[in-house]
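Sequence and predicted structure, then a few things I'm wondering about:
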Amino acid sequence: MPVCDTCGNDYDKTFTVTRNGSSATFDSFECAVTALAPTCEHCSCRILGHGVQAGDRIFCCAHCARVAGIKELVDHA
């Protein structure tokens with residue numbers, strides 16, 4: 001059976017994700033997120049949506065960007 005690249009679980013229902021020419025095998029979305037989702041530069045949470053970017057810096061929300069010193073990003077009001 002295929003083995004998850006994140007946790008090593010030997011599981012018959014794994015799936016493969018290919019990104020930028022590299023492939024990885026996972027047994028759950030949790031393991032895929034752990035391996036592939038970007039991390040907020042301020043609070044370290046995994047960014048599952050679009051997040052916000054300032055240059056090459058990525059944050060989960062405008063609040064975290066502001067705390068990190070990025071003033072021009074704002075949340076919708």
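Perfect, I can see it now.

Could you tell me how many residues sit around the closest residue to residue 74 other than its chain neighbours?
Of all residues not flanking residue 74 in the chain, residue 62 sits nearest, at 5.2 Å (C-beta to C-beta, 6 or more residues apart in numbering). In short, each C-beta sits where N, CA and C put it, glycine included. Neighbours of residue 62 under the rule other C-beta atoms under 10 Å: 17.

Would you give the sheet partners of the helix or strand of the chain with the lowest mean pLDDT, along with the direction of each?
Sorting the helices and strands of the chain by mean pLDDT, DSSP states H and E puts strand 52-54 at the bottom, at a mean of 92. With DSSP bridges as the test, strand 52-54 is paired with strand 57-59 (antiparallel).

Spatially, what comes nearest to residue 28 if we skip its sequence neighbours?
Using C-beta to C-beta, 6+ apart, the nearest residue to residue 28 is residue 4, at 7.5 Å.

My read is that the one you found contacts residue 30, right?
No: contact criterion C-beta atoms under 8 Å: residue 4 and residue 30 do not qualify, at 10.0 Å.

Confirm residue 17 sits in a strand?
Yes: per DSSP: H, G, I helix; E, B strand; the rest coil, residue 17 lies within a strand segment.

That one: what's it in contact with?
Contacts for residue 17 (C-beta atoms under 8 Å, 6 or more residues apart in numbering) come out as 23-24, 26, 32, 36.

now those residues in CSV, with secondary structure and neighbour count?
Listed next are the contacts of residue 17 as CSV, based on DSSP: H, G, I helix; E, B strand; the rest coil; neighbours: other C-beta atoms under 10 Å:
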residue, secondary structure, neighbour count
23, strand, 9
24, strand, 16
26, strand, 23
32, helix, 19
36, helix, 13
